[in-house]
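1. Just need the structure, nothing else, for what follows:
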Amino acid sequence: MENDPTSPQGNQEVKPSVEENILNKKEETKLERGMESPNELAWRDAWDYCKSLGEVWRLPNSEELRKILVDDTAGARKNVKYWSSWHYGDTSTWHSCDEEGKLTADYGNKAEKYFIIPVKG
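-> A predicted model of the protein is given here:
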């Protein structure tokens, strides 16, 4: 059987596109979840708490936090509010997940105290 140089099985090297490289890089980056904070913290204290764990630890963004909360294996508690990294002025977002898996998100004053789940990756 003759090799077709245009097929992936042929002698021609098939190079991924820039978009495929970006997608593959994103898929390779694994998000590591840290231990939940031992107590509730104001948003700025939550930020400082993450930094105290090491430079690679941070507050999760809203999308990362939602994924953690709906993943039953992640160990996040139900009906507990957690800070995300999103903020604007004196406001930041928090997220919570109830017993049925329904997510709630809202804005909170940064002086309010909620738990955090630090992440890296």
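
2. Point out the other helices and strands that the strand or helix carrying residue 46 packs with.
-> When elements are defined using DSSP states H and E, residue 46 is found to belong to helix 43-52. With contacts taken as 3 or more Cβ pairs under 8 Å, 6 or more residues apart in numbering; DSSP states H and E, helix 43-52 sits against strand 82-88. In this view, the C-beta of every residue, glycine as well, is placed from N, C-alpha and C.

3. about what we covered before: what angle do strand 82-88 and the helix holding residue 46 make with each other?
-> 110 degrees (axes from the mean of the first three to the mean of the last three Cα atoms, to 10 degrees).

4. What residues of whatever helix or strand comes next after helix 43-52 count as buried?
-> Per DSSP H and E, the first helix or strand lying C-terminal to helix 43-52 is helix 62-70. Neighbour-count burial for helix 62-70, counted by 16 or more other Cβ atoms under 10 Å, picks out 64, 65, 66, 68, 69.

5. And stretch 112-121, by the same measure?
-> Applying 16+ other Cβ under 10 Å to stretch 112-121 flags 113, 114, 115, 116, 117, 118, 119, 120 as buried.

6. and it, what's its mean pLDDT?
-> Average pLDDT, stretch 112-121: 94.

7. where in this structure is pLDDT low?
-> For the chain, residues meeting the criterion pLDDT under 70 lie at 1-29, 72-75.

8. Closest to the centroid, which residue in it?
-> The residue lying closest to the centre of the chain (Cα atoms, centre = their mean) is residue 64, at 2.3 Å.

9. isn't it right up against residue 31?
-> Yes: here residue 64 reaches residue 31: they are 6.0 Å apart, a contact under Cβ atoms under 8 Å.

10. check contacts around the residue nearest to residue 56 when sequence neighbours are not counted.
-> Counting by Cβ to Cβ, 6 or more residues apart in numbering, residue 56 lies nearest to residue 120, which is 4.3 Å off, once chain neighbours are set aside. Residue 120 is in contact with 31, 32, 34, 54, 56, 57, 58, counting by Cβ atoms under 8 Å, 6 or more residues apart in numbering.

11. Of these, grab the buried ones for PyMOL.
-> Selecting only the buried entries of the contacts of residue 120 in PyMOL, with 16+ other Cβ under 10 Å as the criterion:
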select buried, resi 34+57+58
